[in-house]
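> Quick one: sequence and predicted model below, then my questions.
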Amino acid sequence: MSNWISELEQVLRELLQAHHAWLVSMNDYERVLRAFDAPEIERASKKQQQQLAVIQQLEKRRQFALQQLAKQHKSVQSPTFEQLAQNYPQRKLILLQMRQELRDVLERVKKKNAGAQRVTTAALGNLNTALRVIGAAAGNAGTYDRKGASVAPQRLKSIEAVA
């Protein structure tokens, strides 16, 4: 059996693990985003970026292994899973199983990413509204009473009541 097919199987296993870890970090990110905890959002975001970097490295290794397998079989294009299964019948079951697992995890990532995008959009919308209200209140600065205390506009008082 080719060393490159073994390398490809190893990379696919690592890709599956990396995508599962990315799903966990996506859940963490969504949780802290809903809690509006800025330091935790930053930490979760950095963790996701690190995991994406790992996935990108693994993807490069996968592509290289596929290129080497294509060279071995004197093919111009990278082989598909079906072609690999035909060329390596003893590895067929494992290759097709990994392909299905990878499809499943990528579908879950896609769904989770759509949910996180909706939460992020809502959070940014709320932040934008708050900044506009504060900016409008600051643009119409209040006056001072006889004792030197600031008399805030009515809109700013409603913000203070919410905070």
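Nice, thanks for sending it over. Residues are numbered from 1 along each chain as shown.
> Tell me where this structure has helices.
Counting by DSSP state H, one finds helices in the chain at the ranges 3-35, 38-72, 81-87, 92-139, 154-162.
> which one of those helices lies closest to Lys147?
With C-beta to C-beta, the closest approach to Lys147 among the helices of the chain belongs to helix 154-162: 17.5 Å. For the C-beta atoms, the positions are set from N, CA and C on the backbone; glycine is no exception.
> Contacts only, for Arg13.
Met98 (C-beta atoms under 8 Å, 6 or more residues apart in numbering).
> same thing with Arg108?
Contacts of Arg108 (C-beta under 8 Å, 6+ apart): Leu23.
> Can you tell me which helix or strand of this protein has the lowest average pLDDT?
helix 154-162 (a mean of 54; mean pLDDT, DSSP states H and E).
> okay, the helices of the chain in TSV with distance to Lys147 next?
Formatted as TSV, those follow (distance: least, C-beta to C-beta, whole Å):
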stretch	distance to Lys147
helix 3-35	40
helix 38-72	36
helix 81-87	78
helix 92-139	22
helix 154-162	17
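> Worst mean pLDDT among these?
Ranked by mean pLDDT, the helices of the chain end with helix 154-162 in last place, scoring a mean of 54.
> Look up how far Val119 lies from Phe36.
11 Å (C-beta to C-beta, to the nearest Å).
> Report the buried residues of stretch 26-41.
Across stretch 26-41, burial judged by 16 or more other C-beta atoms under 10 Å covers Met26, Tyr29, Glu30, Val32, Leu33, Ile41.
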